[in-house]
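Asker: Quick one: sequence and predicted model below, then my questions.
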Amino acid sequence: MSTITLTASTGSIPAPAASSDRASPTAWIAVLAAMIGSFMAILNIQITNASLLDIEGGIGTGIDNGA
């Protein structure tokens, strides 16, 4: 990525980035989808971990009956 600088009497001022340096809407949709998927996976793990005792009681087993 190159930066174009303009010289003025006060020094150099960086020019705004070219439009080709910006991410496409498709890339942003992919990033948002990955973020939502990661959040949902973590949320699922937390909910399952919080309800393990109820699940064990519901199926009539305990901690010591695992394989």
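Answerer: Cool, got the structure.
Asker: so where is this structure shaky, pLDDT-wise?
Answerer: For the chain, applying pLDDT under 70 flags the ranges 1-11, 15-19, 63, 65-67.
Asker: The one helix or strand S12 maps to - contacts with which helices or strands?
Answerer: Here S12 sits within strand 11-14, counting by DSSP states H and E. Secondary-structure packing of strand 11-14 (3 or more Cβ pairs under 8 Å, 6 or more residues apart in numbering; DSSP states H and E): strand 5-8. Just so you know, the C-beta spots here come from the backbone N, C-alpha and C atoms, and that holds for glycine as well.
Asker: and T61, how far is that from L52?
Answerer: Distance from T61 to L52, counting by Cβ to Cβ, to the nearest Å: 11 Å.
Asker: S38: neighbour count?
Answerer: S38 has 10 neighbouring residues, counting by other Cβ atoms under 10 Å.
Asker: Does it lie in a helix or a strand, and which?
Answerer: Counting by DSSP H and E, S38 is part of helix 25-50.
Asker: Next, the angle helix 25-50 makes with the next helix or strand after that helix.
Answerer: Next helix or strand after helix 25-50 toward the C-terminus (DSSP H and E): helix 52-59. Using axes from the mean of the first three to the mean of the last three Cα atoms, to 10 degrees, the direction of helix 52-59 lies 60 degrees away from that of helix 25-50.
Asker: so how far is helix 52-59 off the chain centroid?
Answerer: 32 Å (Cα atoms, centre = their mean, to the nearest Å).
Asker: can I get the CA coordinates of that helix in CSV?
Answerer: Provided in CSV are the C-alpha atoms of helix 52-59 (Å, rounded to 0.1, in the frame of the first residue of the first chain):
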residue,chain,number,x,y,z
LEU,A,52,-25.1,-29.6,32.6
LEU,A,53,-26.4,-30.4,36.1
ASP,A,54,-30.0,-30.2,34.9
ILE,A,55,-29.2,-32.4,31.9
GLU,A,56,-27.5,-35.0,34.2
GLY,A,57,-30.4,-35.0,36.5
GLY,A,58,-32.9,-35.4,33.7
ILE,A,59,-31.2,-38.5,32.3
